[in-house]
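# predicted model follows, preceded by the sequence.
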Amino acid sequence: MRPGPASRRARRRGSALRFGLMALPVVFFAVFFAYPVTAIVARGLRPAGAWELGRIGEVLAQPEIREVLWFTTWQALASTALTLLIALPGAYVFARFSFPGKQVLRAVVTVPFVLPTVVAGSAFLALLGRGGLLDETAGVRLDTTVWAILLAHVFFNYAVVVRTVGGLWAQLDPRQEEAARVLGASRFTAWRRVTLPALRPAVAGATLMVFLFTFTSFGVVQILGGPAYSTLEVEIYRQTSQIFDLSAAAVLTLVQFAAVVLILLVHAWTVRRRQDALRLVDAATTARRPRGPGQWALLAGVLATVAALILLPLAVLVARSFQDADGGLTLTYYRALTSAEGGAFLVPPINAIGNSLLYALAATAIALVVGGLAAAALTRRAGRLVRGFDALLMLPLGVSAVTVGFGFLITLDEPPLDLRASWWLVPLAQALVGVPFVVRTMLPVLRSVDERLREAAAVLGASPWRAWREVDLPLVRRALLIAAGFAFAVSLGEFGATVFIARPDEPTLPVAVARLLGRAGELNYGQAMALSTLLMVVCAVSLLVLERLRTDQAGEF
């Protein structure tokens, strides 16, 4: 039976609405992501007006570049495997156990993920570096070693596994596994044949995301690896800002872009499979107090791991910010933040706090508008075009932030887009990172809204805008607040692009920390620890508020 005129008109209205919602996000990504990245690659591979594609083979044939590619790949694989090994027990504990302080602990393990990588590097530098806790107690230094990089990556990505895998695990019906045990299966067999297949898409998704974040690692490797280790992202930064070889940087950007696109395509497939194939229950009904010595031992082991891997580096970071060269307590470093003396800044470093907060608030507003419209468009399921748009929104999480930042400088310098002196340049770059978090947080909640409610509002004469305001918004208001919180936290910590475009008289907190760490002297190091501590406190407070607002449908993060 062919659809009637009314049905065709409804489909056309739906398509028009979907593409209308996509218009602003598409323009935003085209102007502030695709254009700068394409321009920087074109400038590197077409310096004299003609494409020099042979340069790709020349760059990739260099032994030092092949060594960077090899190190980038194997350290990402090792970091991912180590993160899964350490974090999967934590995912189970957060999913299935109920214990005092669970909400607070969930927020604590997420703090490293939203911290700037330079701050994560600073925390491990205070723990593993010269004069750090390990150096003072055991005479062992691990900075400038690959072990410091691997441990810092686990510290940074622990929350990805706990939230992605644990979030799904908490919603799996435990009665299915119990039924298998009633039928004679052992505990391990029931888990392997019932629970593991259901978890496999979430584990695959978490694995891919951890690999993506470690494959594109920048701040951690730059601070802890020293000159001996370099990932693609660090090498792009070196080729761009130190050697000024834009052709080599362009080639490396293309290699990283190709790898990131492949990872995101596979990740999008695992997400669709998880959404379409599973029947979930309320997570509040699956958690219970641990039973028996084995479960109590598992809980104790996870708490000990969190204490050693996450709390200890953060605690050492705070302690070093109050510790003078002789080991005594002091507020010198915090007082020094109020002065511009010493030459590291044109303004007192404390100004970076106000700058960062204002930039992050503006970036959050942009991310909410762009990400909210994109999520609303993706709610209305369609074909490959919309699914490709979904993958496009995730690209800023993996594509070189260094390339984006440098691209801003060379593209947004002519009317009508001459933004070099504009205050909005930094928030625009930060919003690129915030949008994916808004989309991933909002999308599951929007898709859970019963379409019949929207249809009933339309039948009663409500316009699409009024239907959204009176049907969708009340149901997704909490998820919107969570999305705003995550966008604010990640914008606050953005470093790779901001390091290029932040003005010297208006530094952000991550840029200020990196600049202080790059200068010799105990005072500069102490101020870096003090600023890192202040940024950590802001992120921790934001996450504690988010946990109070958290819903079990509030996305992957």
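Thanks, I have the structure now. Numbering: from 1, shown residues only.
# tell me the secondary structure at A520.
Using DSSP: H, G, I helix; E, B strand; the rest coil, the structure places A520 in coil.
# tally of neighbours for it?
Each residue near A520 was counted by other Cβ atoms under 10 Å, and the total is 7. For glycine as for every other residue, the C-beta is placed from the backbone atoms N, C-alpha and C.
# what is the strand or helix carrying R200 packed up against?
R200 belongs to helix 196-215 when assigned by DSSP states H and E. Contacting helix 196-215 under the criterion 3 or more Cβ pairs under 8 Å, 6 or more residues apart in numbering; DSSP states H and E are the following elements: helix 63-96, helix 146-169, helix 246-277.
# average pLDDT for stretch 371-383, rounded please.
Averaged across stretch 371-383, the pLDDT comes to 75.
# sorry, back to before: and G526, which of the helices and strands packed on helix 196-215 is closest to it?
Ranking the helices and strands packed on helix 196-215 by proximity to G526 (Cβ to Cβ) places helix 146-169 first, at 20.6 Å.
# how about that closest one: buried residues?
In terms of neighbour count (16 or more other Cβ atoms under 10 Å), helix 146-169 has its buried residues at 146, 148-169.
# cool, stretch 367-381 as well?
Within stretch 367-381, the residues scored as buried using 16+ other Cβ under 10 Å are 367-379.
# just name the most buried of the helices and strands packed on helix 196-215.
Comparing these by mean neighbour count (mean count of other Cβ atoms under 10 Å), helix 146-169 ranks first with a mean of 24.
# so which elements touch it?
Partner elements for helix 146-169 (3+ Cβ pairs under 8 Å, 6+ apart): helix 63-96, helix 102-114, helix 117-128, helix 196-215, helix 219-220.
# that helix: how far from the chain's middle?
Relative to its chain's centre, helix 146-169 lies at 12 Å (Cα atoms, centre = their mean, to the nearest Å).
# and if you look at stretch 235-244?
Averaging C-alpha positions (Cα atoms, centre = their mean) puts stretch 235-244 24 Å from its chain's average.
# can you pull the buried residues of it?
Judged by neighbour count using 16+ other Cβ under 10 Å, the buried positions of stretch 235-244 are 235-240.
# tell me where the stretch 151-300 of the chain is predicted with low confidence.
267-268, 270-285 (pLDDT under 70).
# ok, 50 please
Across the stretch 151-300 of the chain, the ranges flagged by pLDDT under 50 are 276-278.
# ditto for the chain
For the chain, the ranges with pLDDT under 50 are 1, 6-7, 276-278, 552-555.
# so for S321, which of the helices and strands packed on helix 146-169 sits nearest?
helix 117-128 (8.7 Å).
# tell me the helix or strand right after the closest one.
Scanning forward in sequence from helix 117-128 by DSSP H and E, the next helix or strand is helix 133-138.
# need the CA coordinates for that next one. PDB is fine.
Taking C-alpha atoms only, helix 133-138 is exported to PDB below (Å, rounded to 0.1, in the frame of the first residue of the first chain):
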ATOM      1  CA  LEU A 133      57.200  10.800  47.000                       C
ATOM      2  CA  LEU A 134      58.700   7.700  45.400                       C
ATOM      3  CA  ASP A 135      62.100   9.400  45.000                       C
ATOM      4  CA  GLU A 136      62.100  10.500  48.700                       C
ATOM      5  CA  THR A 137      60.900   7.200  50.100                       C
ATOM      6  CA  ALA A 138      62.500   4.600  47.900                       C
END
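# what comes up buried for that helix?
So helix 133-138, judged by 16+ other Cβ under 10 Å, has buried residues 133-135.
# that older thread, just the buried residues of stretch 235-244 now: which is nearest L393?
Closest to L393, out of all of the buried residues of stretch 235-244 and judged by Cβ to Cβ, is I236, at 22.3 Å.
# element containing that closest one?
Going by DSSP H and E, I236 is in helix 232-241.
# quick one: list the elements packing against that helix.
Contact here means 3+ Cβ pairs under 8 Å, 6+ apart; on that basis helix 232-241 packs against helix 63-96, helix 246-277, helix 401-411.
# as CSV, the helices and strands packed on helix 146-169 with distance to A287 would be great.
Putting the helices and strands packed on helix 146-169 into CSV (distance: least, Cβ to Cβ, whole Å) gives the following:
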stretch, distance to A287
helix 63-96, 6
helix 102-114, 8
helix 117-128, 29
helix 196-215, 16
helix 219-220, 33
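# ok so, going back, which positions in the helix holding R200 come out as buried?
Buried residues in helix 196-215, defined by neighbour count with 16+ other Cβ under 10 Å: 198-199, 201-215.
# if we can go back for a sec, show me how far the helix holding I236 is from its chain's centre.
In terms of Cα atoms, centre = their mean, the centre of helix 232-241 is set 20 Å apart from its chain centre.
# now do that helix and helix 63-96, the angle between them.
130 degrees (axes from the mean of the first three to the mean of the last three Cα atoms, to 10 degrees).
# hey, C-alpha coordinates of helix 232-241 in PDB?
Extracted in PDB, the C-alpha atoms of helix 232-241 (Å, rounded to 0.1, in the frame of the first residue of the first chain):
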ATOM      1  CA  LEU A 232      52.100  11.600  17.000                       C
ATOM      2  CA  GLU A 233      50.400  14.500  18.800                       C
ATOM      3  CA  VAL A 234      53.700  15.600  20.500                       C
ATOM      4  CA  GLU A 235      55.500  15.300  17.200                       C
ATOM      5  CA  ILE A 236      52.900  17.400  15.400                       C
ATOM      6  CA  TYR A 237      53.400  20.000  18.100                       C
ATOM      7  CA  ARG A 238      57.200  19.800  17.700                       C
ATOM      8  CA  GLN A 239      57.200  20.000  13.900                       C
ATOM      9  CA  THR A 240      54.700  22.900  14.000                       C
ATOM     10  CA  SER A 241      56.000  25.200  16.800                       C
END
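# contact partners of it?
Contacts with helix 232-241, where a contact means Cβ atoms under 8 Å, 6 or more residues apart in numbering, come from 65, 68-69, 72, 215-218, 221-222, 225, 230, 245-246, 248-249, 252-253, 255-256, 400-403, 406, 496, 500.
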